[in-house]
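Asks: The following comprises the amino acid sequence and a computationally predicted model.
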Amino acid sequence: MDIYRMLPGENCGKCGIKTCMGFAARLIERKKKVDDCSLLLSTDYEEERKKLIELLTPPVRPIKIGTGDHGFQIGGEEVIYRHERTWYNPTALIIDVDDQMDEDELLERVKWISSYSKTKIGEKLTLDGIAIRCRSGNPDSFRDAVKLVSKNTEYPLVLCSHNPEVLRSGLEILGDANPLLYAATIDNWQEISDLAIEYGCPMTISSSKLDELTEISTRALDRGVGDDQIVLNPGSDPVNIKGTINRMIELRRAAIEEEFEPLRFPILGVPATAWMVEEDENEAAFMEGTIGCMMLISFADAMIFHSTEGWSLMPSIVLRQDIYQDPRNPASVEPELRKVGNPDENSPILITCNFALTYYTVEGDCEGIDCYIYPVDTDGTSVTSSVAGDLMTAKKIVDAIEEHKFGDKVAHRVLVLPGEAAVLSGQVEVDSGWKVLVGPKDSSGIPDFLEDNWPPEE
């Protein structure tokens, strides 16, 4: 209602929503933006627009890094615990390179980072950015590395050095590409702040002392750095990881519970520091992967890694996918007749639920089999739960046969139900006229089941 009272109240529908009350609800759900209301852009509503933006700005301010299709946003969170509502902006996973790598090694690493992709539960999982470290201490060497990397990737970049001149040399190459600067400290914050202001890009403030983070943040804001330009790094000590995690938790509580202005910013973690204390590469990669998972569940909004080992990176990548799934909306797939392989008129039609994890497990277990799979709309719940809760019903299956024209796809009239839905088989047969085979309870048994039972007997 507070939001609604600040809206024009014209119910003009120009925003795509019929009423201002509906538009207010979409603003809360982040499905619309304030500027989607054209009336609010007029000078008559200038004050209301400012108040609305401030009211709708999350406790953790959202920060944009990069530009274009690969640019990403971090922060923007409203709750401490994801089950209270959800976490919105998935943690950005960034891999480092440095300016002392030879050209071939650098290009190979950049190409690998930019093309990395795995698919899990139907979702494409990728990395998000590249951090360029200045190991040489030389602005010219760093400039060359930035130029080479930027020409060979569209991913956002993080420029890593405590030397303002080094960072400037990189910024001169990137122009308005909106990289993240890493990092401002108590010793160089003025120069780094000036660079952030000049180039309009975000900057990281780094200190293992929270009072020092607060001091630098306050000074940077007073100097003219925007509140959409700051990221906080509370240190990433691999020896005292407990201290690092505790500081991250304190920062997030200060932002959300106290809305303490100097600390209302996203958090950057650097699991790559594991390589500073471990000489063995496997031990370093293992520690880095472990620290990454710990930071991810402790509110890190972005993280910088060094390892490119899949077994080290995948735990963080998969964990990110899991915890940034909206707990209010189970992962699901659209209820439509789907092809696996190259099915024809003699291929089986398998029924399952539309819970994404179940569907893609069934699809995976059917690899090498030409068949159709239909996921019944069960509101994203499993077969067992949906049958018990009347979300998978004989009527839904019978209706699907007609709606999706199963009979036009195959010459036979046979369906395969999951074993847990056996109780529905009789009613489906009576109401549809199709024959029903009750398959295995576990989809891993589908290949053997079909080998023994398909094609069905006349």
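Replies: Sure, I can see it. Bear in mind the structure is a predicted one, so any value in this text is a computation, not a measurement.
Asks: What about Phe355, how many residues nearby?
Replies: By the criterion of other C-beta atoms under 10 Å, Phe355 has 23 neighbours. C-beta here means a position set from N, CA and C on the backbone, and glycine is covered the same way.
Asks: cool, and the one 10 residues further on?
Replies: As a burial measure, Asp365 scores 18 neighbours (other C-beta under 10 Å).
Asks: what sits against it?
Replies: With contact set as C-beta atoms under 8 Å, 6 or more residues apart in numbering, Asp365 has these partners: Ser443, Ser444, Ile446, Pro447.
Asks: surely the first one meets Thr361?
Replies: The one in question is Ser443. Yes. Using C-beta atoms under 8 Å, Ser443 makes contact with Thr361 at a distance of 5.7 Å.
Asks: Please say which of those two ends up with more neighbours.
Replies: Ranked by neighbour count (other C-beta under 10 Å), Ser443 and Thr361 place Ser443 first, with 22 against 16.
Asks: Give me the distance between the more buried one and Gly226.
Replies: Distance, Ser443 to Gly226, by C-beta to C-beta, to the nearest Å: 52 Å.
Asks: all strands for the stretch 51-200 of the chain, in order.
Replies: When assigned using DSSP state E, counting those that start in this stretch, the strands of the stretch 51-200 of the chain occupy the ranges 63-65, 72-74, 92-98, 117-120, 123-126, 129-133, 157-160, 180-184.
Asks: and the residue most central in space within the chain, what does it touch?
Replies: In the chain, the centroid-proximal residue (C-alpha atoms, centre = their mean) is Pro90; its distance is 3.4 Å. With contact set as C-beta under 8 Å, 6+ apart, Pro90 has these partners: Arg320, Gln321, Tyr324.
Asks: which phi and psi does the nearest residue to the last one once chain neighbours are set aside have?
Replies: Looking back up the chat, that one is Tyr324. Of all residues not flanking Tyr324 in the chain, Pro90 sits nearest, at 4.3 Å (C-beta to C-beta, 6 or more residues apart in numbering). Here is the backbone geometry of Pro90 (degrees, to the nearest 10): phi -60, psi 140.
Asks: Tell me the spacing between Pro90 and Ser42.
Replies: 36 Å.
Asks: same deal with Leu296?
Replies: On the measure of C-beta to C-beta, Leu296 and Ser42 end up 43 Å apart.
Asks: Next: Asp280.
Replies: For Asp280, the distance to Ser42 - C-beta to C-beta - is 64 Å.
Asks: repeat for Val158
Replies: Applying C-beta to C-beta to Val158 and Ser42 gives a distance of 39 Å.
Asks: So these two - more neighbours on which side?
Replies: Using other C-beta under 10 Å, the more surrounded residue of Val158 and Ser42 is Val158, with 25 against 11.
Asks: Would you mind confirming that the more buried one makes contact with Val146?
Replies: No. Under the criterion of C-beta under 8 Å, Val158 is not in contact with Val146, lying 10.8 Å apart.
Asks: if I look at those two, which residues touch both of them?
Replies: In contact with both Val158 and Val146: Ile132, using C-beta under 8 Å, 6+ apart.
Asks: what sits against the closest residue to Thr67 other than its chain neighbours?
Replies: Spatially, and ignoring its direct neighbours in sequence, Thr67 is nearest to Asn178 (5.2 Å; C-beta to C-beta, 6+ apart). By C-beta under 8 Å, 6+ apart, Asn178 lies in contact with Lys64, Ile65, Gly66, Thr67, Gly71, Pro156, Gly200, Cys201, Pro202.
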